[in-house]
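K.L.:
pasting a predicted model and its sequence here:
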Amino acid sequence: MRPAADTAGGAGMTLHMLDVASSDRWNEFVRAHPEGTFFHLAQWQIVLERAYKHPSFHCYVESQGKIRGVLPLGQIRSRLFGHSLISTPFCVYGGILAESDEAWRMLEAHACELARHLRVDYLKMRTRQLRHPDW
């Protein structure tokens with residue numbers, strides 16, 4: 001199941017799911033972002049879905065025709081580790097990349113809402129910076 005493609009956010013931002021048409025723009029954003037890694041690239045969605053057979057929910061925030069933040073997410077069901085939503089499974093990094101706090105909050109809120117909707121045991125955000133010490 002995929003969440004709604006366009007969710008309105010603050011500052012005229014909308015949330016979209018990664019598709020083939022937006023892959024090049026996604027990768028340009030990742031390569032330009034100072035914290036972007038190989039694991040953030042759009043091709044990891046293909047690896048997750050085709051090689052590992054795990055559903056993915058790669059999403060991005062856009063404003064004025066420009067990507068402002070990305071979040072690669074994969075859903076994992078494991079007898080050993082439980083049912084989870086991870087950014088990005090099987091990788092060291094892959095958490096939210098965003099140009100602003102507003103874009104970050106929108107992606108984070110979407111991930112939390114999706115985790116509740118999928119009824120996962122936990123949501124794991126693999127970011128380099130600690131945003132919520134109490135989590």
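P.N.:
That came through fine. Numbers count the residues shown, from 1 in each chain.

K.L.:
C-alpha only now, for contacts and for neighbours.
P.N.:
Noted.

K.L.:
what's in contact with the longest helix seen in the chain?
P.N.:
Counting by DSSP state H, the longest helix found in the chain is helix 101-118. Residues outside helix 101-118 that contact it (Cα atoms under 8 Å, 6 or more residues apart in numbering): 3, 9-11, 13, 15, 59-61, 68-71, 84-85, 96-98, 122-123.

K.L.:
what about Ala109, neighbour count?
P.N.:
Ala109: 12 surrounding residues under other Cα atoms under 10 Å.

K.L.:
quick one: Arg77 and Ile86 touch, right?
P.N.:
No: at 10.9 Å, Arg77 does not count as touching Ile86 under the criterion of Cα atoms under 8 Å.

K.L.:
quick revisit: narrow the contacts of helix 101-118 to those in helices?
P.N.:
Those of those lying in helices (DSSP H): none at all.

K.L.:
out of those residues, which end up buried?
P.N.:
With burial judged by 16 or more other Cα atoms under 10 Å, the buried subset of the contacts of helix 101-118 is 9, 13, 15, 59-61, 68-71, 84-85, 96-98, 123.

K.L.:
thinking again about what came up before, sort out which residues of the longest helix of the chain are buried, please.
P.N.:
By 16+ other Cα under 10 Å, the buried positions in helix 101-118 come out as Glu102, Ala103, Trp104, Arg105, Met106, Leu107, Glu108, His110, Ala111, Leu114, Ala115.

K.L.:
and what of stretch 34-54?
P.N.:
Neighbour-count burial for stretch 34-54 [16+ other Cα under 10 Å]: Glu35, Gly36, Phe39, His40, Leu41, Ala42, Trp44, Gln45, Leu48, His54.

K.L.:
could you find the closest non-adjacent residue to the last one?
P.N.:
Put plainly, it is His54. Excluding the flanking residues, the one nearest His54 by Cα to Cα, 6 or more residues apart in numbering is Leu48, at 5.5 Å.

K.L.:
next one: the fifth one
P.N.:
Here the nearest residue to Leu41 in space, its sequence neighbours aside, is Asn27; by Cα to Cα, 6+ apart that works out to 5.5 Å.

K.L.:
which SS class is that neighbour?
P.N.:
Of the three states, Asn27 takes helix according to DSSP: H, G, I helix; E, B strand; the rest coil.
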